[in-house]
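Q: got a predicted model here, sequence first, then my questions.
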Protein chains: 2
Amino acid sequence: MIDKLISKIKKTQAPIVVGLDPMLKFIPEQIQQKAFAEYGETLQGAGEAIWQYNKEIIDAIYDVVPAVKPQIAMYEQFGLEGVKAFARTVEYCKSRDLVVIGDIKRGDIGSTSEAYAVGHLGRVQVGSQRFYGFDEDFATINPYMGTDAVAPFVKVCQEEKKGLFILAKTSNPSSGEFQDRLIDGRPLYEWVGEKVAQWGSGFVGENGYSYVGAVVGTTYPEQGKILRKILPRNYILVPGYGAQGAKGADLVHFFNEDGLGAIVNSSRGIIAAWQQEKYREFGPERFAEASRQAVLDMQEDIKQALENR
Amino acid sequence: MIDKLISKIKKTQAPIVVGLDPMLKFIPEQIQQKAFAEYGETLQGAGEAIWQYNKEIIDAIYDVVPAVKPQIAMYEQFGLEGVKAFARTVEYCKSRDLVVIGDIKRGDIGSTSEAYAVGHLGRVQVGSQRFYGFDEDFATINPYMGTDAVAPFVKVCQEEKKGLFILAKTSNPSSGEFQDRLIDGRPLYEWVGEKVAQWGSGFVGENGYSYVGAVVGTTYPEQGKILRKILPRNYILVPGYGAQGAKGADLVHFFNEDGLGAIVNSSRGIIAAWQQEKYREFGPERFAEASRQAVLDMQEDIKQALENR
């Protein structure tokens, strides 16, 4: 799957992943009204609105980006009906040949991580049959519990040729509270980075990149430089572009000299582009076209930043 | 909700939480066969089997324990049908007046944590209405991303009078890989413990215990002693009893002198008791009675250990 991701990045020339993180406030009135007319102002109505909104965006961007990253929290907030919309979204993205990174940030003791891995990336045994659960292509993972919490994910990925992005240095303001603390003279996120390199070392695609990557926030470019060195052949998933404040020039250090090695996420900057002054001309009816334009602008911003580095 | 938990612990005299972590291999043939006869060997069939299995166990134990802890991974492994069974289980436990600790180990940047908090503990706004999503009473939380990842959970808990258990020192073999590393002379889990005390300090129930507790594995009694001191008025959720190897004598240090302050989890030791040599007499048909007996034996083991300390 890392090879598919890289091949699609090369084809689209866009090291971009679109965060499908729907909030009702991002969704234009016409979609909300239609969903509520059908299902009422209910969780089911909200699930339907999210799904219709996602579908229009996916149809507008599937040919200009390699991947999407639905954040499962934004679906879980609507309970079971939200999770239904998550499952539909993943399935539809795959039918559009997009690589799906499930932003689930799971992690637990061995047998429990195995269940998460099976449900999100692998197949579960039911009697004599095996079934995919949510069937994402990649998943994000929390490393706090150590190797035996991560190993079952690696095992399932090896079986299914799927991949992981493990949290190293996250994009949020208080990420340094624990992640930056020094252990034997080096911050925790570096130790996590070393482990990511180790966890992914035996599992490398044809392009020479590991199936196991790391999450490193755009908002911390200096830390990004260090982790790039620790993880020369691991993909880095970089959140924080756009709404969280980072620009193309802030993230050139996340890329290797070959122009590969990083994929940058933008969520509301793309899916809620129609609400920005810059894309106002599209209006609420053409919100998905605004999303497409925001992708193209982001692609150009990153391209220029990489050329000028 | 911390007051309700404590009041139920006193009433049942059982500082015990039953981990509702179903695996198909734990479920007696008669339940699996009935579910598969109705829905086939499908994810739906598996979801039905899990639900029926849980229901019988809940009916057999609801009056002798204060709380249950469904591990959501064990449901997510069956995709959407598994999550349906999770939602039904939570709802049914609440109808039986059990305190429900959602073992979800979520945690993300601010706005995302807010969505998780709303979905699992709070109410989401849909048009002019507000709805509970999964509506657990407590949730487990991963602290790796720091204060702004935890704060939205605390906020929702304050609104809803619900609670949290935050991972400090987990029960798994490799938990020390990061959690035991020294930062300014003290292991990471102590720094996390200090933060848990701080996060929960403004939010205390009538019994003097905070709504915000910590997870500390039974398998690490020495670390438990230290965290007990750092967290004198925070509840400690202690996994690792039974199947993970710990006994009553290993966990007395997690309790305060008042006999409160800790709640011990056992999962397969109770829900799959019928598969143990010790409870063989019950047979697969009476598996739920075996679970009840395992609860009573665990209660006695902890009681004796506390008396002998």
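A: On my side now, so go ahead.
Q: report the central residue of chain A.
A: Centroid-nearest residue in chain A: A:K69, 3.5 Å away (criterion: C-alpha atoms, centre = their mean).
Q: wait, doesn't that one sit right on A:V18?
A: Yes: contact criterion C-beta atoms under 8 Å: A:K69 and A:V18 qualify, at 7.0 Å. For the C-beta atoms, the positions are set from N, CA and C on the backbone; glycine is no exception.
Q: what sits in contact with each of the two?
A: Common neighbours of A:K69 and A:V18, counting by C-beta atoms under 8 Å, 6 or more residues apart in numbering or on different chains, are A:N265, A:S267.
Q: re earlier: ok, now which ones touch the closest residue to the residue nearest to the centre of chain A other than its chain neighbours?
A: Closest residue to A:K69 apart from its sequence neighbours, by C-beta to C-beta, 6 or more residues apart in numbering or on different chains: A:I101 at 4.2 Å. A:I101 is in contact with A:V17, A:A67, A:V68, A:K69, A:E136, A:D137, A:F138, A:A139, A:T140, A:F165, A:L237, counting by C-beta under 8 Å, 6+ apart.
Q: switch the cut-off to 6 Å
A: Residues near A:I101 by C-beta atoms under 6 Å, 6 or more residues apart in numbering or on different chains: A:A67, A:K69, A:F138.
Q: same check, this time on A:P152
A: Applying C-beta under 6 Å, 6+ apart, the residues near A:P152 are A:S113, A:E114, A:A117.
Q: my read: the residue nearest to the centre of chain A touches A:K105, true?
A: No: at 11.4 Å, A:K69 does not count as touching A:K105 under the criterion of C-beta atoms under 6 Å.
Q: re the thing from before, from B:D21, how far off is the residue nearest to A:K69?
A: Using C-beta to C-beta, to the nearest Å, one obtains 27 Å as the distance from A:I101 to B:D21.
Q: still on that earlier bit, now the element after the helix or strand where the residue nearest to A:K69 lies, going C-ward?
A: Applying DSSP states H and E as the criterion places A:I101 in strand A:99-106. Note on strand A:99-106: by DSSP H and E, the next helix or strand toward the C-terminus is helix A:110-120.
Q: what is that next one packed up against?
A: When contacts are defined as 3 or more C-beta pairs under 6 Å, 6 or more residues apart in numbering or on different chains; DSSP states H and E, helix A:110-120 packs onto strand A:99-106, helix A:147-160, helix B:73-76.
Q: which one of those lies nearest to A:A290?
A: strand A:99-106 (22.6 Å; C-beta to C-beta).
Q: and the angle for the closest one with helix B:147-160?
A: Going by axes from the mean of the first three to the mean of the last three C-alpha atoms, to 10 degrees, strand A:99-106 is angled at 70 degrees with respect to helix B:147-160.
Q: can you tell me what sits against stretch A:114-130?
A: With C-beta under 6 Å, 6+ apart as the criterion, stretch A:114-130 contacts A:102, A:104, A:106, A:131-134, A:136, A:139, A:152-153, A:156, A:160, A:162, B:41, B:46, B:73-74, B:76-78.
Q: what's the burial count for A:Q304?
A: A total of 12 residues lie near A:Q304 under the criterion other C-beta atoms under 10 Å in any protein chain shown.
Q: let me see the contact set for it.
A: By C-beta under 6 Å, 6+ apart, the contact list for A:Q304 is empty.
Q: what's the helix or strand for A:R292?
A: Here A:R292 sits within helix A:287-307, counting by DSSP H and E.
Q: thanks again, I'm all set now.
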